[in-house]
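K.L.:
My questions are about this predicted structure, shown below with the sequence.
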Amino acid sequence: MMRVGVLVSGGGTNLQAIIDAIKAGKITNASLEVVISNKKDAYALTRARENNIPAESICIKDYDTREQFYDVLLERLDTYHLDLIVLAGFLVVLPPQLIRKYRNRIINIHPSLIPSFCGEGFYGLRVHEKVLERGVKVTGATVHFVDEGTDTGPIIYQKAVEVIAGDTPEILQKRVMEQAEWKILPQAINDIANGKIKLG
Ligand code: GRF
């Protein structure tokens, strides 16, 4: 069994997609060991608790320095002896020591077709706003391994989604989630859990 930890900051619909995929047998050989949020009121934590998954919050503002926050985050993650860390809408930049320690064992879901609309400042609704501003006709989502850069790690899966005339950032975000994110993230986890994808 691959031990998986999920880091979140918000609603947790991607977390829900993972939970549902495990229940449906679409992800095998993997168990959700912990969900950690940097926001105490993240609905993702409720989703975790409803499914009997240990849920914790670690908030930057509770610590004097960002370093202390990172130390606690690393320490808490280490407690669970994780084989894979999934960033599912986690809006905190990971410290290099965490990336080094879990090299090739951290994946992220990004709501665009990397290398378009990614990197610093491209997160959440902003990504979809920029997509609409530029007028591209196709967008999508990407699952990738995490390295020291922002959205620069090796790509695992991508799925294209059509941009439709009249889309608002919110409408487009929902379509990208439904048609791409909620599919390719569970798929990547299943493939890693079953040895079909491996790095390093
Ligand atoms: C998703 O769009 C994800 O791609 C991005 O943040 C959002 C998180 O949504 N990184 P949710 O918390 O999984 O509902």
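P.N.:
Perfect, thanks for sending it. Residues are numbered from 1 along each chain as shown.
K.L.:
give the contact list for the residue nearest the centre of the chain.
P.N.:
Among the residues of the chain, the one closest to the centroid is Ala88, at 2.2 Å (CA atoms, centre = their mean). With contact taken as CB atoms under 8 Å, 6 or more residues apart in numbering, Ala88 is in contact with 6-8, 12, 14-15, 18, 44, 109, 185. C-beta here means a position set from N, CA and C on the backbone, and glycine is covered the same way.
K.L.:
So which residues make contact with stretch 149-163?
P.N.:
93, 107-108, 110, 113-115, 118-120, 122, 131-132, 136-147, 172, 175-176, 179-180, 183-184, 187-188, 191, 197, 199.
K.L.:
Quick one: end-to-end length of that stretch, please.
P.N.:
28 Å (CA to CA, to the nearest Å).
K.L.:
Can you point out the buried residues in that stretch?
P.N.:
The neighbour-count check on stretch 149-163 (16 or more other CB atoms under 10 Å) flags 150-151, 153, 156-159, 161, 163 as buried.
K.L.:
Kindly report the same for stretch 81-97.
P.N.:
Using 16+ other CB under 10 Å as the test for burial, stretch 81-97 gives 82-90, 92, 94-95.
K.L.:
how close does the residue in the chain positioned nearest to the ligand sit to Arg105?
P.N.:
When scored by CB to the nearest ligand atom, the chain has Gly89 as its residue closest to the ligand, at 2.5 Å. As judged by CB to CB, to the nearest Å, Gly89 and Arg105 stand 19 Å apart.
K.L.:
Around the ligand, which positions in this structure sit nearby?
P.N.:
Contacts of the chain with the ligand, taken as CB under 6 Å from any ligand atom, map to 8, 10-14, 44, 88-89, 109-111, 124, 177, 181.
K.L.:
mind listing the helices for this structure?
P.N.:
Per DSSP state H, the chain carries helices over the ranges 13-23, 43-50, 66-79, 96-101, 125-134, 169-176, 182-193.
K.L.:
ok, now which ones touch Pro169?
P.N.:
So Pro169 contacts 125, 128-129, 132 (CB under 8 Å, 6+ apart).
K.L.:
Same list, the residues you listed, but as TSV with neighbour count please.
P.N.:
TSV is the format used below for the contacts of Pro169 (neighbours: other CB atoms under 10 Å):
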residue	neighbour count
Leu125	13
His128	25
Glu129	17
Leu132	16
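K.L.:
Next, format the residues you listed as CSV and append pLDDT.
P.N.:
CSV is the format used below for the contacts of Pro169 (pLDDT from 0 to 100):
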residue, pLDDT
Leu125, 96
His128, 98
Glu129, 98
Leu132, 98
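K.L.:
Can you tell me which of those residues is closest to Val72?
P.N.:
Leu125 (29.0 Å; CB to CB).
K.L.:
where in the protein is pLDDT low?
P.N.:
Confidence mapping of the chain against pLDDT under 70 gives the ranges 200.
K.L.:
please redo it, this time with the cut-off set to 90
P.N.:
198-200 (pLDDT under 90).
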